[in-house]
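Asker: Sequence first, then the predicted structure:
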There are 2 protein chains.
Amino acid sequence: MSATMEQVRNGVDTGTLFATLDAVKAQPELGIFQFRASNRWIDGSHNQSTIKDFYAAGGEDTSRAEAFKLDAGEPAILIGTDTGPNPAEYLLHALAACLTTSLVYVASARGVKLTRVESRLEGDMDVRGALGLSDEVRNGFDQIRVSFVVEGDAPSEKLHQLVERAMARSAVFDMVTNGVSVQVGATA
Amino acid sequence: MSATMEQVRNGVDTGTLFATLDAVKAQPELGIFQFRASNRWIDGSHNQSTIKDFYAAGGEDTSRAEAFKLDAGEPAILIGTDTGPNPAEYLLHALAACLTTSLVYVASARGVKLTRVESRLEGDMDVRGALGLSDEVRNGFDQIRVSFVVEGDAPSEKLHQLVERAMARSAVFDMVTNGVSVQVGATA
């Protein structure tokens, strides 16, 4: 029992984590995943995504009993009725969540017990781009700043290394900093 | 009353939309916005973002009475307990939401009445990157595919043009396809 208790660190079952790493190392095709979202326009800037099924490790994953529903919107100043965070805010959340989970998994694998991981993100946007008023500014954020506060049972230097390693391994940090090819098709 | 009714198209008040465009055109500094998210680690892959305040049009926006809370997680196969969509799924939602809102605003400005806007997004990921098992695959999606279904009171060609224009103006499509500079700092 004692061994089992110790293998759960920061809420991460490191036994399962290491077993997963070994399985994918032995059989690389198990690493092929596909994530999905379906979105439906409701009214004005209000739209909703449904997220449930995904492909993982050689088959369709069926572990989720219920779908997640996410509502997007815009505040009044962007001609919405605040039906949810706006899409750019969702992107900041995706980035924060991915860096944090990456950090927590790395810490768990390295034997660091964390007591606090918090972050604050800011993205600067000149909305003249997205509003079609200027071709000299981009549509998205000019820059995103992330400030972490990390506390745990390791020296400051080691905690800083966890942040570095999270940046080096985060899926969303990679996509947001390097960009991804997006193919768009339409039936209309 | 009739004029007022007609100016709301697809749930978008086009009078307010055009007034906003005129105001920012006349005073470009009103286009400077800053969006924010604060994230807090809870346990394992469960973390939560709080989204409320933002800077817009020359001052802090105070229109939101309540903060939005977003929970992230991972499914069992990625050593989580499914406390929310995972960060990569949130990125797909951000992209879907932004393209959809951009499309709806453009349609409203151009006098097209929409009856249906739906999209399905897929992102392919080889998780050996994010798991640190291979430096030959990237951490994020190799590619994202977006399939729209758009219906409204305009010919197919015009509806297709709305999709093109949404891609040309969406803030999140710009960021996801072109990347953004992300500065990360940490107190540890």
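Answerer: Yep, it's here.

Asker: Which parts of chain A are strands?
Answerer: A:8-9, A:12-13, A:32-43, A:46-51, A:54-56, A:59-61, A:68-72, A:114-126, A:143-152, A:181-187 (DSSP state E).

Asker: Those strands into CSV, with extra columns for mean neighbour count?
Answerer: Using the backbone N, CA and C atoms, a C-beta is placed for each residue, glycine as well. Below are the strands of chain A laid out as CSV (neighbours: other Cβ atoms under 10 Å in any protein chain shown):
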stretch, mean neighbour count
strand A:8-9, 17
strand A:12-13, 21
strand A:32-43, 20
strand A:46-51, 23
strand A:54-56, 20
strand A:59-61, 12
strand A:68-72, 19
strand A:114-126, 20
strand A:143-152, 19
strand A:181-187, 14
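
Asker: what sits against A:D53?
Answerer: Going by Cβ atoms under 8 Å, 6 or more residues apart in numbering or on different chains, A:D53 touches A:R36, A:E60, A:D61, A:T62, A:R64.

Asker: Please identify which pair of the residues you listed lies farthest apart.
Answerer: Spanning the widest gap among these are A:R36 and A:T62, at 13.8 Å by Cβ to Cβ.

Asker: List the buried residues of stretch A:100-115.
Answerer: Residues A:T100, A:T101, A:S102, A:L103, A:V104, A:Y105, A:V106, A:A107, A:S108, A:A109, A:V112, A:L114 are the ones in stretch A:100-115 that count as buried (16 or more other Cβ atoms under 10 Å in any protein chain shown).

Asker: so what's the residue lying closest to A:G80 once chain neighbours are set aside up against?
Answerer: Excluding the flanking residues, the one nearest A:G80 by Cβ to Cβ, 6 or more residues apart in numbering or on different chains is A:E74, at 2.9 Å. With contact set as Cβ under 8 Å, 6+ apart, A:E74 has these partners: A:G44, A:S45, A:G80, A:T81, A:D82, A:N86, B:T101.

Asker: next one: A:A186
Answerer: Residues in contact with A:A186 (Cβ under 8 Å, 6+ apart) are B:S147, B:F148, B:V149, B:V150, B:L159, B:H160, B:V163.

Asker: State the pair within these that is farthest apart.
Answerer: B:S147 and B:L159 (14.1 Å).

Asker: So what's the residue count around the nearest residue in space to A:Y90 that is not next to it in sequence?
Answerer: Nearest residue to A:Y90, sequence neighbours excluded (Cβ to Cβ, 6+ apart): B:A94, at 3.8 Å. The tally of other residues near B:A94 (other Cβ atoms under 10 Å in any protein chain shown) stands at 31.

Asker: Would you confirm that B:A94 contacts A:P85?
Answerer: No - the pair B:A94 / A:P85 is not scored as a contact, 9.1 Å apart, by Cβ atoms under 8 Å.

Asker: longest single helix anywhere in chain A?
Answerer: If you go by DSSP state H, chain A has its longest helix at helix A:87-109.

Asker: Could I get the average pLDDT for it?
Answerer: Helix A:87-109 shows a mean pLDDT of 98.

Asker: just stretch A:63-81 next, same as before
Answerer: pLDDT averaged over stretch A:63-81 gives 97.

Asker: cool, stretch A:144-158 as well?
Answerer: In this model, stretch A:144-158 has a mean pLDDT of 98.

Asker: Figure out how far it is from the centre of its chain.
Answerer: In terms of Cα atoms, centre = their mean, to the nearest Å, the centre of stretch A:144-158 is found 18 Å from the chain centre.

Asker: ok, and does that stretch reach over to chain B?
Answerer: Yes - Stretch A:144-158 comes into contact with chain B (Cβ under 8 Å from any Cβ of the partner chain), by way of A:I144, A:R145, A:V146, A:S147, A:F148, A:V149, A:V150, A:E151, A:S156.

Asker: CA atoms of that stretch as PDB?
Answerer: Extracted C-alpha coordinates of stretch A:144-158, given in PDB (Å, rounded to 0.1, in the frame of the first residue of the first chain):
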ATOM      1  CA  ILE A 144       1.500  37.000 -25.100                       C
ATOM      2  CA  ARG A 145       3.100  37.300 -21.600                       C
ATOM      3  CA  VAL A 146       2.900  34.500 -19.100                       C
ATOM      4  CA  SER A 147       3.900  34.900 -15.400                       C
ATOM      5  CA  PHE A 148       4.200  31.800 -13.300                       C
ATOM      6  CA  VAL A 149       4.300  31.400  -9.600                       C
ATOM      7  CA  VAL A 150       5.600  27.900  -8.700                       C
ATOM      8  CA  GLU A 151       6.200  26.600  -5.200                       C
ATOM      9  CA  GLY A 152       7.200  23.100  -4.100                       C
ATOM     10  CA  ASP A 153       9.800  21.000  -2.200                       C
ATOM     11  CA  ALA A 154      12.700  21.700  -4.500                       C
ATOM     12  CA  PRO A 155      15.200  24.600  -4.800                       C
ATOM     13  CA  SER A 156      14.200  27.600  -6.900                       C
ATOM     14  CA  GLU A 157      16.600  26.500  -9.600                       C
ATOM     15  CA  LYS A 158      14.900  23.200 -10.000                       C
END
